[in-house]
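**Student:** structure of the sequence below:
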Amino acid sequence: MKRIYLILPFSILLLCLVLSHGDASEDKAPVIDGKKIVAMVNHEPITAEEFGMFLANIEHEAMGSAKEAESVDYAGILDRLIDEKLFLLEASNIGLDTLPELTNMIDENSRKAMAQMLVKQEVKNIEVDEEEVEREYKEAVKELKVTGALYKTESDARTVAEELAAGTPFDDIIKRAIEGGSAIEVMQGKYLKRRELMSKVDEVLSQLEIGSISDIVKFDKGFLIIRLDDVRFPQEPEVREKINRILWKNAKDIAVEKYIVSLLEKYTEVDQTVLDSIDYDTSDEGYKKLSEDERIVARIKEDKPVTVGDLTAAFETKLFHGVEQRQKELNKRKEKMLNEMLRKRVLVLEAKKQRIDKSVAYNDKIKTFKKSLIISYFIDKVIAASVKMNEEELKAYYDEHRNSYTTPTMMKIDSIVFDIREKADAAVETLRSGTEFRWLSENADGQVRKDAQGLLNFEGTILSVSSLPDPVQKVLSGVDSEDFRLYESEDGHFYVLYIEKVFPSALREYQEVRNDIAKELYNIKMTEAVKSWSAKLKEHYPVEVYMTEF
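**Tutor:** Numbering: from 1, shown residues only. Purely as a prediction, here's the structure:
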C-alpha cells in the first residue's frame, strides 16, 4: 500500500494550496548579507526571496483555479517551508542523504541535467524554414470545392461522359441527378478538406485544373465523375502553430543527432574486433567471465574506457527479468547498448569542458532536485513507515461516511417540449391514459423544434438527478418509473417528462469501495503524521519566525 501512495505525502506538503499574491508584513525581519529573513530553522535562514519563489511556484501550479486571493494561507506556506528545513535536517542527522540508492539517483540526475543543458544550449538558435511551414500549412488546410456524381454502373457513367463530350453542361447533368437520375450520390459545390478526402479522390483532384472535369474513376461503390470548382486556404492559426512545432522538433532532433555524432567522433574510438568477439550466447560460467572481462571495447579521451565488463553490467540494469533467459538477444543489442553508453559519456564530458557544471543554473537545478528527493525519501522511509491501517479501521471509516459511498439517484428520462401549456397538459393526460410516448412524440402538434437553442437535453438518456437544474429536481421529487411530469422552464418551454426508469440511490458494497477508502484514510493519516513529525522536530531544532503578520 505504501508503494502505491508514495507521491501523495509530498503533494500534501507542497501542492495543496491555491494562491495569489498578497501583502505580507516583514517589519520585524532581520537582514543577513543584505537579505531579509522571514524565519530561522536551527540557525539556518529562510529568506524573503526563498519564500517569494516558493509562493510563485505554488501559484503557477495552481493557475486557473477558481479560488480567490483571500483564501491564500501565507502562514501555512511559511510553515511548509519550515517543515522542509526540519525534514532535511533530520534526514541528514539520521544519514538518509548518504544512502547509496539516493546518492546514485542524485549522480544520475546530475549527469542527465548536464547533458540536457548542453543540448539545449546547442539547439537554442535553431530556426524553422518559414517557406516549409507555409507549404505544409497550405497542404494541411487546403479545401477543394467540388461538384460531382457517383453512378452505380459504368454504363451510366459512360452515358454522362458522352453527354459531356457532346457539350451538355455539367451543371445540367448534376441538376438532373439531384432530381432523380441514376446517380447514387451527388455533391454540388461543396468544399472538402483535402486531408479528409479518400486518397484516390485526392489523386484525381490533384491532376485537375480549376473548372476541369475528371474521367470516370472506378470505386468499390460505383463510378465517379467530378469537377474541381475552386481551391481555398482558410485561416487556421492553431494548425500553423502545430506545424511550426513539429518542424522545429524535427530540425532540433536532426541537429542534436548530428551534434552527438560529432562528439562521438571527437572523443571515442570503438574496438570493433573486441565488440564482435563478445558472445553472450554462452553458459552461466561464460557469462560470469564476461561480466569480469577487462578488455577495452571503447576508449574515451580524457575519461576511463568502457570494458566488456562495463557493457555487460549495463545490460544488468536494463533487463529487469535477468539475463539468463535473454542471452541470445544480447548479441543483437550489444552495439546499440554500447552506443547509448558512449552518447551519455561524451555529453557529460563536453558539458564539463564547457563548465556547465559550474553554472548557477545547473547548481540550482541539482540543489532543488536533491532537496525534493531527500524530503520525499524522508517522508516515505520515516513518516509513511509510521502510518498503519487495518481492516477494522477501514470498515469503521466506511460506516462513518456511508453518504460518501452511496450512488446517486439516476433516471432514464425522455421528453416532448411544447410552446403552449394547454398542449403540454393535454399530452400528459393522453400519455397517462395509455398512449405510447414515442407515437405522441412523433405526431403531437405544437412541439418546439428539437434544435431550438437553450433546450434541456433528455432524449431517453440515463441521468443523475443531482446533475439536473434545481427546478427540474423538484418536479421529479417522489416520481416512480413509467410516470410523467410537467416542467415549465424559465424561458417559457413546457417539458412533458417521461420517467421511463428510476434507479434509486444505494449504498455501494464495502469491497467495491475499499481501495478508495484506503486512499482517503491514508491521506488523512499522512497529514496527521506530517503535523506530528513537524511538532516533534520543532522540539529538537530551534525555530524562530519573524514574519508573523500577513
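**Student:** distance check, the residue located most distally from the centre of the chain against Gln354.
**Tutor:** Most distant from the centre of the chain: Ala166, at 59.8 Å, with distances by Cα atoms, centre = their mean. Remark: distance between Ala166 and Gln354 (Cβ to Cβ, to the nearest Å) = 77 Å. C-betas here are computed from N, CA, C, even on glycine.
**Student:** neighbours of Tyr487, how many?
**Tutor:** A total of 20 residues lie near Tyr487 under the criterion other Cβ atoms under 10 Å.
**Student:** skip the chain neighbours and tell me the closest residue to Val119.
**Tutor:** The spatially closest residue to Val119, leaving aside those adjacent along the chain, is Val256, at 5.6 Å (Cβ to Cβ, 6 or more residues apart in numbering).
**Student:** got the contact list for that neighbour?
**Tutor:** The contact partners of Val256, taken as Cβ atoms under 8 Å, 6 or more residues apart in numbering, are Val119, Glu122, Val123.
**Student:** can I assume the second one sits in a helix?
**Tutor:** Yes: remark: Glu122 belongs to a helix, assigned using DSSP: H, G, I helix; E, B strand; the rest coil.
**Student:** picking up where we left off before, Three-state assignment for the residue nearest to Val119, please.
**Tutor:** Strictly by three-state DSSP, Val256 counts as helix.
**Student:** also Ala452?
**Tutor:** Recorded secondary structure, Ala452: coil (three-state DSSP).
**Student:** for it, give me the pLDDT.
**Tutor:** pLDDT, Ala452: 84.
**Student:** count the residues that sit near it.
**Tutor:** Neighbours of Ala452 (other Cβ under 10 Å): 12.
**Student:** now stretch 537-550: buried residues?
**Tutor:** Leu537, Tyr541, Val543, Val545, Tyr546, Met547 (16 or more other Cβ atoms under 10 Å).
**Student:** now intersect these with the helices, please.
**Tutor:** Per DSSP state H, helices hold the following members of the buried residues of stretch 537-550: Leu537.
**Student:** among the buried residues of stretch 537-550, which are in strands?
**Tutor:** Val543, Val545 (DSSP state E).
**Student:** tell me the least confident of the buried residues of stretch 537-550?
**Tutor:** Checked by pLDDT, the buried residues of stretch 537-550 have Met547 as the lowest-scoring entry (81).
**Student:** is Thr168 within a helix or a strand, and which one?
**Tutor:** Thr168 belongs to no helix or strand when assigned by DSSP states H and E.
**Student:** please tell me how far it sits from Asp516.
**Tutor:** 71 Å.
**Student:** starting at the chain centroid, how far to stretch 120-133?
**Tutor:** How far stretch 120-133 lies from its chain's middle: 26 Å, per Cα atoms, centre = their mean, to the nearest Å.
**Student:** what sits closest to Tyr546 if chain neighbours are left out?
**Tutor:** Ala29 (4.5 Å).
**Student:** try Leu263
**Tutor:** Val346 (4.1 Å).
**Student:** the one you found: neighbour count?
**Tutor:** 24.
**Student:** coming back round to it: local confidence estimate at the residue nearest to Tyr546?
**Tutor:** 73.
**Student:** quick check: buried residues in the helix or strand hosting Asn244?
**Tutor:** Secondary structure assignment for Asn244, by DSSP H and E: helix 237-267. The neighbour-count check on helix 237-267 (16+ other Cβ under 10 Å) flags Arg240, Ile243, Asn244, Leu247, Ala251, Lys252, Val256, Tyr259, Ile260, Leu263, Leu264, Tyr267 as buried.
**Student:** closest one of these to Ile420?
**Tutor:** Closest approach to Ile420 among the buried residues of helix 237-267 (Cβ to Cβ): Arg240, at 51.0 Å.
**Student:** so the closest residue to the closest one other than its chain neighbours: helix, strand or coil?
**Tutor:** Leaving aside its sequence neighbours, Arg240 sits nearest to Tyr137 (Cβ to Cβ, 6+ apart; 4.9 Å). Here Tyr137 is helix, with the state taken from three-state DSSP.
**Student:** OK, contacts around Tyr137?
**Tutor:** Tyr137 is in contact with Val239, Arg240, Ile243, counting by Cβ under 8 Å, 6+ apart.
**Student:** where in this protein is the helix or strand with the lowest mean pLDDT?
**Tutor:** helix 8-14 (a mean of 37; mean pLDDT, DSSP states H and E).
**Student:** contacting residues for Leu192?
**Tutor:** By Cβ under 8 Å, 6+ apart, the contact set of Leu192 is Glu143, Leu144, Lys145, Val146.
**Student:** sketch out the low-pLDDT regions of the stretch 451-550 of the chain for me.
**Tutor:** For the stretch 451-550 of the chain, the stretches flagged by pLDDT under 70 are 550.
**Student:** which residues in it form strands?
**Tutor:** 461-464, 483-488, 494-503, 543-545 (DSSP state E, counting those that start in this stretch).
**Student:** pLDDT wise, what is the residue nearest to Leu263 at?
**Tutor:** At Val346, the model reports a pLDDT of 97.
**Student:** is it fair to say it lies in a helix?
**Tutor:** Yes: counting by three-state DSSP, Val346 is part of a helix.
**Student:** from Trp248, how far out is Lys124?
**Tutor:** Distance from Lys124 to Trp248, by Cβ to Cβ: 12 Å.
**Student:** the residue nearest to Leu263 against Ile260, yeah?
**Tutor:** Yes: with contact defined as Cβ atoms under 8 Å, Val346 reaches Ile260; the gap is 7.1 Å.
**Student:** secondary structure element holding Lys371?
**Tutor:** Following DSSP H and E, one finds Lys371 within helix 360-378.
**Student:** now that helix: mean pLDDT?
**Tutor:** On average, helix 360-378 scores 95.
**Student:** and it, which residues are buried?
**Tutor:** Neighbour-count burial for helix 360-378 [16+ other Cβ under 10 Å]: Tyr362, Lys365, Ile366, Phe369, Lys370, Lys371, Leu373, Ile374, Ile375, Ser376, Tyr377, Phe378.
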